[in-house]
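>>> all I have is the shape, not the residue letters:
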């Protein structure tokens, strides 16, 4: 048994490393957003907060981020479930089982750059279309990059997370003994359709639910991908915050800090909500 | 059966597509619309490797990621043990997820001021510390699955057999934890290697890691050099992954 | 033959070059329990899976109620195969686990409720209806698993070491519970175990499977007389302490 002293030092260090940056950062952001510190701030004011809280940009950025992450997640889950259930055997061994790990080596930056070169108006797909005679001019090629619906961002996010979920589901297949459950359901008279909807999908989704929630939050905060592929309006939340803070207009900075506090509080309350709904929520979440 | 084979081949090919495409572009020179492939190929971008900043960029990235991975792997190993065996394990776990869930770049925004205060912005050390703060909780999360009741019993057994703390570590804990340590190192290395937003902010653009360079080239509209930098980013982890296929199969369990 | 619910004739099974089951013959009377004694690797699990339709024999015939069923899908055989683990669906609570088969059959909600609650009463678990699998003990899980199987009134129940993972006290309780249920619900079951005593307690008749060969005994006396059954050895062992 470790000595109590070492134990307490370790736990103290952990809590310090994890919370001090967030808490001290929040304090600074709060002081700045209220005009207590900062270059141009002369008096305490809630102006930045009012602008952020009652204005459109923050909420539309949150809404757009949520939209991007939910849609990306839905598409990824559908594809990953389809592949991991249909190709279960091939995923366990052979070329497919190895190949599926390689996309994990692609960071968001690279994948976003790749999507840009594929999907932009002068990109690879557009060139293909032109040479095949589908389009007459690159201007008629649809906007998939810097577009209002975030198609390029969604496409890239799907490329980034789908392989991860294929791996997760095919592992769950093994660890959760899904094949046995399927057999069991069969002897109970379940049709293949019923097995899929009443057994396989609910077990996989339930066991992956924590990861799904975490990834949804994670995609909401993504930065590199929307920075390369998004446009000025609507913006995703991380990009919106950084832009406010790095603006040449110094008056925008307090708003940027107010936005980051609101965003942090929002995420924190979701996490706490998930935790209190089920105390064991995070226990197995890394699996 | 045949259709499945074909579909799978297409799928596997599409996994390789991004790399093939970026490699091709990295050899490109002129790519006027509507040519499907670059019109002229050249080694210009790759020639970059031996003369200019690219080599130092590469090694700077390597050095930063290596340091972050090393510090996190070591510190998280010892600290995570006391977290895992705590009665409040679940509460600690929630705390660990917070920096990981708040976008790193947003974290950087709010704690950037303190880095300015101690003059760490724009320095390599500053970037390493900032990345450490993001990656450390993640390292703890990776190890938490490793410290379980079974391991605890084995450790206690070693002690009842007369092993002191050091012997227990060297002869029992370390051999059993080698895979977890490797996994943690690799994952944290990747987090750092792939990081852009926080690095750019804390490094004030002066610490030019590979990801920062990709964005610089994109902003200069130099897609060939950007492709080249992308290849440098992607190929090393791929090689590592390929070499460590067995270790990767361990990774699947804990990830 | 008509009184036999299950009749297996000359059944063979090989995996590649390995013969797992050789010329198996087995009959099971209606509303009776046959114990099958066998060590691990004896081929007993394969036999059960073939009867359930989850594996296919190479040769031989299987009759259920006088009808050959080898080409009938597992879904349509009305034979339930229970694993050693309870395998409760992790996404459903105890009530919904028991109700699973009824839901597949689209039984009206009112009937589902009534039947499941009645089954939970039988099992002595009406207070555990809303618990999830991970909140139940090993024995409780196994009970729910029985209830889930019996509620759809299968023609035949196949049990593969159902109490193998339980401690001896729970095991004994479960044996009693099962015997009682088998009687009240008029079950026909094939009960596989490696435990000699359990085989004798549970079965109306008994068979032993060894290296792919099966020997079925018409009654327990005959089983006792058979040198290979191991019963005599067991009796000798205990006798030494009496004298």
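Arrived safely, thanks for sending. Only a predicted model underlies this, so the values are computations on that prediction, with no experimental measurement involved.
>>> next up, phi/psi of residue 215, please.
In the absence of a named chain, this looks at chain A. Here is the backbone geometry of residue A:215 (degrees, to the nearest 10): phi -70, psi -40.
>>> that answer is for a different chain, and I need it for chain C
phi -120, psi 120.
>>> what's near enough to touch it?
C:207, C:208, C:209, C:226, C:228 (C-beta atoms under 8 Å, 6 or more residues apart in numbering or on different chains). Yep, even glycine has a C-beta here, placed from its N, CA and C like the rest.
>>> the residues you listed: which two are farthest apart?
Pairwise distances across the contacts of residue C:215 (C-beta to C-beta) peak at 13.5 Å, for the pair C:209 and C:226.
>>> before we move on, the earlier item: any chance of the contacts of residue C:215 in a markdown table, plus pLDDT?
Formatted as a markdown table, those follow (pLDDT from 0 to 100):
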| residue | pLDDT |
| --- | --- |
| C:207 | 88 |
| C:208 | 88 |
| C:209 | 86 |
| C:226 | 79 |
| C:228 | 76 |
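>>> which positions in stretch C:24-32 come out as buried?
C:24, C:26, C:27, C:28, C:32 (16 or more other C-beta atoms under 10 Å in any protein chain shown).
>>> name whatever forms a beta bridge with the first one.
In this entry, residue C:24 is beta-bridged to residue C:11, by DSSP bridges.
>>> isn't it right up against residue C:11?
Yes. Assessed by C-beta atoms under 8 Å, residue C:24 is found in contact with residue C:11 at 4.2 Å.
>>> overlap in contacts, the two.
C:47, C:60.
>>> returning to that earlier point: dump the buried residues of stretch C:24-32 to JSON lines, plus secondary structure, pLDDT and distance to residue A:178.
As requested, these are exported to JSON lines (DSSP: H, G, I helix; E, B strand; the rest coil; pLDDT from 0 to 100; distance: C-beta to C-beta, whole Å):
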{"residue": "C:24", "secondary structure": "strand", "pLDDT": "90", "distance to residue A:178": "30"}
{"residue": "C:26", "secondary structure": "strand", "pLDDT": "90", "distance to residue A:178": "31"}
{"residue": "C:27", "secondary structure": "strand", "pLDDT": "89", "distance to residue A:178": "35"}
{"residue": "C:28", "secondary structure": "strand", "pLDDT": "90", "distance to residue A:178": "31"}
{"residue": "C:32", "secondary structure": "coil", "pLDDT": "89", "distance to residue A:178": "34"}
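>>> from those residues, which single one is nearest residue B:158?
Among the buried residues of stretch C:24-32, and counting by C-beta to C-beta, the member closest to residue B:158 is residue C:24, at 50.0 Å.
>>> residue contacts, the closest one?
Residues near residue C:24 by C-beta under 8 Å, 6+ apart: C:8, C:10, C:11, C:12, C:47, C:60, C:213, C:214.
>>> most neighbours of all the residues you listed, which one?
The most crowded member of the contacts of residue C:24, judged by other C-beta atoms under 10 Å in any protein chain shown, is residue C:47 (28 neighbours).
>>> still on that earlier bit, turn the contacts of residue C:215 into a markdown table, columns for neighbour count.
Output for those, formatted as a markdown table (neighbours: other C-beta atoms under 10 Å in any protein chain shown):
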| residue | neighbour count |
| --- | --- |
| C:207 | 25 |
| C:208 | 23 |
| C:209 | 22 |
| C:226 | 15 |
| C:228 | 10 |
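>>> between these, which sits nearest chain B?
Among the contacts of residue C:215, residue C:209 lies closest to chain B (C-beta to the nearest C-beta), at 34.9 Å.
>>> my guess is that closest one contacts residue C:36, does it?
Yes. The pair residue C:209 / residue C:36 is scored as a contact, 5.8 Å apart, by C-beta under 8 Å.
>>> what do these two both touch?
C:44, C:47.
>>> residue in the stretch 51-200 of chain B nearest to chain C?
Using C-beta to the nearest C-beta, the single residue of the stretch 51-200 of chain B nearest to chain C is residue B:90, 15.4 Å away.
>>> tell me the centre residue of chain B?
Residue closest to the average C-alpha location in chain B (C-alpha atoms, centre = their mean): residue B:190, at 1.1 Å.
>>> circling back: what strand or helix carries the residue of the stretch 51-200 of chain B closest to chain C?
helix B:89-101 (DSSP states H and E).
>>> close to chain A, is that helix?
Yes. Using C-beta under 8 Å from any C-beta of the partner chain, helix B:89-101 reaches chain A at B:89, B:90, B:92, B:93, B:94, B:95, B:96, B:97, B:98, B:99, B:100, B:101.
>>> helices and strands around that helix, which ones?
Other helices and strands packing on helix B:89-101, by 3 or more C-beta pairs under 8 Å, 6 or more residues apart in numbering or on different chains; DSSP states H and E, are helix A:4-33, helix A:201-220, helix A:253-277, helix B:53-84, helix B:124-144.
>>> mind putting these into a markdown table with mean pLDDT?
Converted to a markdown table, those look like this (pLDDT from 0 to 100):
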| stretch | mean pLDDT |
| --- | --- |
| helix A:4-33 | 88 |
| helix A:201-220 | 92 |
| helix A:253-277 | 89 |
| helix B:53-84 | 91 |
| helix B:124-144 | 93 |
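>>> which among these is found nearest to residue B:157?
It is, among these and with distance given as C-beta to C-beta, helix B:53-84, at 16.5 Å.
>>> that closest one packs against which elements?
Secondary-structure packing of helix B:53-84 (3+ C-beta pairs under 8 Å, 6+ apart): helix A:4-33, helix B:89-101, helix B:124-144, helix B:174-194, helix B:210-219, helix B:223-243.
>>> let's go with 7 Å and repeat that
Judged by 3 or more C-beta pairs under 7 Å, 6 or more residues apart in numbering or on different chains; DSSP states H and E, the packing partners of helix B:53-84 are helix A:4-33, helix B:124-144, helix B:174-194, helix B:210-219.
>>> host element of residue C:81?
Using DSSP H and E, residue C:81 sits within strand C:79-82.
>>> what's the mean pLDDT across that strand?
The pLDDT scores in strand C:79-82 average 89.
>>> that one packs against which elements?
When contacts are defined as 3+ C-beta pairs under 7 Å, 6+ apart, strand C:79-82 sits against helix A:178-187, helix C:44-52, helix C:138-150, strand C:156-160.
>>> so for chain B, which of these sits nearest?
Of all the helices and strands packed on strand C:79-82, it is helix A:178-187 that lies closest to chain B, at 15.9 Å by C-beta to the nearest C-beta.
>>> I'm done for today, thanks for sticking with me.
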